[in-house]
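A.B. asks: What shape does this take:
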Amino acid sequence: MYDGEIEKTILYYLIFEKEEISLKERDFFLTKNRQIYKAIEELKRKKEEVNMLSIKEKIEGKDVEILVYISEIAESKYGASLEYAYKKLKELSKKRELIKFQKELEETIKEQRIEDIEIYIEKLISKLQKIKLESKKEENFVETVVKAVEEIEKNMKKKEDYTFYTGFFELDRLTDGLHEGELTIIGARPGVGKTTFSLQIADKIATRKKHIAYISLEMSKEQIIQKLLAKRTRVNSRKIRNGDLKEEEINKIGIACGEISELPINILTKANTIQQIELEARKMKNRNKLDLLIIDYLQLLRNTGNFKSREQEVAEISRTLKLLSLELEIPIIALCQLNRNASKSVPTLADIRESGSIEQDADNVIFLYQEDKEENIVTVDLQKQRAGNTGKTILKFNKVNSEFVNIER
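C.D. replies: Residues are numbered from 1 along each chain as shown. Below you'll find the model as predicted:
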């Protein structure tokens, strides 16, 4: 499943035309072509000139044979165009990858080495999609520079992108919103409003047509919807729960229900292991239906593996979430319970229950707590930001209608 002449044509463009082409060693089937490509890449990394002699020096043994072969490659200029040769090379490389992929799959199934078949299937889908995307010839360095300048000019002309901004102004000023590939931990003691806080972020980002997966481990779908309705309508959440509503309030709720039903929010209440969450996240991402994942809350999650302690289990869960955010290229928010002594003072990273490696895996750690005498004032304390500064702000917490409100300073 290869074409030796196509491989030689590509090597000609690399050696004699000095073309910048994005390839991998596996794109070449013949061993000598792989050796030559590897030598070319090594010379480029060391910023050394690429020519017949420098390539020969990088390949041990058979000096004369290599020189003769590179001379043959020089004649490939009468072959195909770079675009055609690149396309054919990648097509053949993909076919070999798929055959290898099929064999590995058969062996894995035969040996029964798959712990969770559904997660494995979603990983296979993701891998196939990546193989599919490897087809376009990448631009050379000059083209890349031009493209970068064009992107800068475009950014100067357009308004700032607020897609992943939370709507909490001072917090967004510190973080520039949420970021793809980052794990954010939001920690608080019970009753401070961490669920309301995360739902408000979900609502805000969903209005910008971003797909949200909200995993709730302690509330039903109906309870979550009631919180969203209370925030949108400003109707007392207790009245919504009890059904003690006036006609005007019923009308407000009807309108809000129509608005909420249009939001791309997927609420899941049955996923209670990290394996189930990973499976659902991969499914949604593979179908382009996931831009932000929120988990309420981390310590209620379980891991189906065997662990000596709960701390090890939680550490493995947090590490899985971090790696998942990187692989799926999405922000992940995990709510977190704090130790009891955190209610007596300003919480620190050490107050995260069963902390293990949570504070290490997290890119951002935010604590919610009340340090003001006023009951409805909540401090939002960004105590860790891997890519920026830390800082505090305060919000007003209207508990009766499940809403945090920015306070003007």
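
A.B. asks: Contact partners for Ala80?
C.D. replies: Ile6, Thr9, Lys88 (Cβ atoms under 8 Å, 6 or more residues apart in numbering). Just so you know, the C-beta spots here come from the backbone N, C-alpha and C atoms, and that holds for glycine as well.

A.B. asks: Now do the SS call for the residue in the chain sticking out farthest from the centre.
C.D. replies: If you look at how far each residue of the chain sits from its centre, by Cα atoms, centre = their mean, the farthest one is Val64, at 49.8 Å. Under DSSP: H, G, I helix; E, B strand; the rest coil, Val64 falls in the helix class.

A.B. asks: Please report the distance of it from Ser357.
C.D. replies: Distance of Val64 to Ser357, given as Cβ to Cβ, to the nearest Å: 56 Å.

A.B. asks: Throw the contacts of Ala80 into TSV and include pLDDT and secondary structure, thanks.
C.D. replies: Output for the contacts of Ala80, formatted as TSV (pLDDT from 0 to 100; DSSP: H, G, I helix; E, B strand; the rest coil):
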residue	pLDDT	secondary structure
Ile6	87	helix
Thr9	87	helix
Lys88	86	helix
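
A.B. asks: Which of the residues you listed sits closest to Ser54?
C.D. replies: Nearest to Ser54 out of the contacts of Ala80 is Thr9 (Cβ to Cβ; 20.7 Å).

A.B. asks: The closest one touches Glu83, doesn't it?
C.D. replies: No. Contact criterion Cβ atoms under 8 Å: Thr9 and Glu83 do not qualify, at 11.1 Å.

A.B. asks: Look at the two and report which has more neighbours.
C.D. replies: Taking other Cβ atoms under 10 Å, Thr9 and Glu83 do not tie; Thr9 has more neighbours (24 against 9).

A.B. asks: Roughly how far does the more buried one sit from Glu42?
C.D. replies: Distance check for Thr9 against Glu42: by Cβ to Cβ, it reads 21 Å.

A.B. asks: Check what pLDDT Val400 gets.
C.D. replies: On the pLDDT scale, Val400 is placed at 85.

A.B. asks: which residues does the spatially closest residue to it that is not a sequence neighbour contact?
C.D. replies: Nearest non-adjacent residue to Val400, counting by Cβ to Cβ, 6 or more residues apart in numbering: Asn236, 4.9 Å away. Residues in contact with Asn236 (Cβ under 8 Å, 6+ apart) are Ala230, Val400, Asn401.

A.B. asks: Highest neighbour count among these?
C.D. replies: That'd be Ala230 among these, by other Cβ under 10 Å, with 25 neighbours.

A.B. asks: any idea which helix or strand carries that one?
C.D. replies: Assigned by DSSP states H and E, Ala230 belongs to helix 221-233.

A.B. asks: Run through the residues that contact Ile224.
C.D. replies: Contacts here follow Cβ under 8 Å, 6+ apart; on that basis Ile224 touches Leu199, Tyr214, Ser216, Ile267.

A.B. asks: do the same with Ala362
C.D. replies: Leu183, Thr184, Ile185, Ser318, Lys322, Lys384.

A.B. asks: coming back round to it: beyond the helix holding Ala230, next helix or strand please.
C.D. replies: For helix 221-233, the following helix or strand on the C-terminal side (DSSP H and E) is helix 237-242.

A.B. asks: Tell me the helices and strands packed up against that next one.
C.D. replies: Applying 3 or more Cβ pairs under 8 Å, 6 or more residues apart in numbering; DSSP states H and E, one finds that helix 237-242 contacts helix 221-233.

A.B. asks: Now do the buried residues in the helix it packs on.
C.D. replies: For helix 221-233, the neighbour count (16 or more other Cβ atoms under 10 Å) marks Ile224, Ile225, Gln226, Lys227, Leu228, Leu229, Ala230, Lys231, Arg232, Thr233 as buried.
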